[in-house]
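Asker: got a sequence here, can you build the structure:
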Amino acid sequence: MSDVQNLSAELRSRAGKGAARQTRRDGRVPGVIYGDKQPATLISVAPKELLKELRKRAFQATLFNIDIAGKKERVLPRDVQFDPVSDAPIHVDFMRVGEHTRVRVDVPVTFLNEIKSPGLKRGGVLNIVRHEVELICSVDNIPKVIEIDLDGLDIGDSVHISMIKLPEGVRPSITDRDFTIASIAVPTVQAVEETVAPTAAAEGDAAAAAGAPGAPGAAGAPAAGAAAAGGAAAGGAKAAAPAAGAKPAAGAKPAAGAKAGGGDKKGGDKK
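Answerer: Have a look, this model is predicted:
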């Protein structure tokens, strides 16, 4: 038999959006109880108590006894609405259930003996296909969780609903196929290519290769320098040799062995 939790509530006198907003302004969460061929009952619950139950696993698969002014209603949570900004509960629906009522509930899945799985030991990944399984059962026979034993499962093995032992009178809502709940998948290794940055030595070799013989710029550079050097040498030789017929400067002595010019010879003739 399922565990039954207790929750206190207060009656609300009015329905509608305006009345629900006023209830929230008063610091409470509006709600409603319906079903079991009885009129709906408008209630409000303390947000602290509701949040305490919402934090527990399988909230919507848990039976509650709601105490309303001394009268208890046996209910099952059906829906909770949350504020889109603050994520606080703003409305809650409960379904009134009788002794033999059968319901559809989402029961959470839990996994056991992960360290005993050879596939997980070898680096496999637990691929959870369904975190919850919808079951059809009586309200007194709702399982709290569905336990899956991973002992002995290797890479490539899967867990199907037919492998799960359910309590008497409990069956999955999907009956047309043996659906998968979880599997041990092959580990995924992401290959990363290493990019080697060019070193300073490599950059120097590339620059030297660009100036090696055979390159257009390198071939012309030495020739231009050689021509400039040759032109400078020729110009120096021309500057050192005096022009033909030029008179020596005043006071300058002729070089040894040099012959006097034509005027000197004429002056030396006898009259």
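
Asker: contact partners for residue 123?
Answerer: Contact analysis of residue 123 by C-beta atoms under 8 Å, 6 or more residues apart in numbering lists residue 187. C-beta: built from backbone N, CA, C; applies to glycine.

Asker: need the pLDDT of it.
Answerer: Looking at residue 123, its pLDDT reads 91.

Asker: next, it: secondary structure please.
Answerer: coil (DSSP: H, G, I helix; E, B strand; the rest coil).

Asker: residue 53 now?
Answerer: Applying three-state DSSP: residue 53 is helix.

Asker: so how many other residues sit close to it?
Answerer: Using other C-beta atoms under 10 Å, residue 53 has 16 neighbouring residues.

Asker: residues in contact with it?
Answerer: Here residue 53 is in contact with 5, 7, 59, 62, 64 (C-beta under 8 Å, 6+ apart).

Asker: can we see that at 7 Å?
Answerer: Residues near residue 53 by C-beta atoms under 7 Å, 6 or more residues apart in numbering: 5, 7, 59.

Asker: residue 51: which of those residues is nearest?
Answerer: residue 59 (10.6 Å; C-beta to C-beta).

Asker: and the helices in the stretch 1-150 of the chain?
Answerer: All helices of the stretch 1-150 of the chain, identified by DSSP state H, counting those that start in this stretch, fall at 17-25, 47-54, 118-121.

Asker: may I see the buried residues of the first one?
Answerer: Neighbour counts using 16 or more other C-beta atoms under 10 Å place 20, 23-24 of helix 17-25 among the buried residues.

Asker: the inter-axis angle of it versus helix 47-54?
Answerer: 90 degrees (axes from the mean of the first three to the mean of the last three C-alpha atoms, to 10 degrees).

Asker: packing partners of helix 17-25?
Answerer: Contacts defined by 3 or more C-beta pairs under 7 Å, 6 or more residues apart in numbering; DSSP states H and E place helix 17-25 against strand 29-35.

Asker: may I have the strand it packs on as PDB, with CA atoms only?
Answerer: Taking C-alpha atoms only, strand 29-35 is exported to PDB below (Å, rounded to 0.1, in the frame of the first residue of the first chain):
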ATOM      1  CA  VAL A  29      -1.700  29.100  -3.000                       C
ATOM      2  CA  PRO A  30      -5.200  28.600  -4.500                       C
ATOM      3  CA  GLY A  31      -6.300  25.100  -5.400                       C
ATOM      4  CA  VAL A  32      -9.200  22.800  -6.200                       C
ATOM      5  CA  ILE A  33     -10.300  19.200  -5.300                       C
ATOM      6  CA  TYR A  34     -12.400  17.400  -7.900                       C
ATOM      7  CA  GLY A  35     -13.600  13.900  -8.800                       C
END
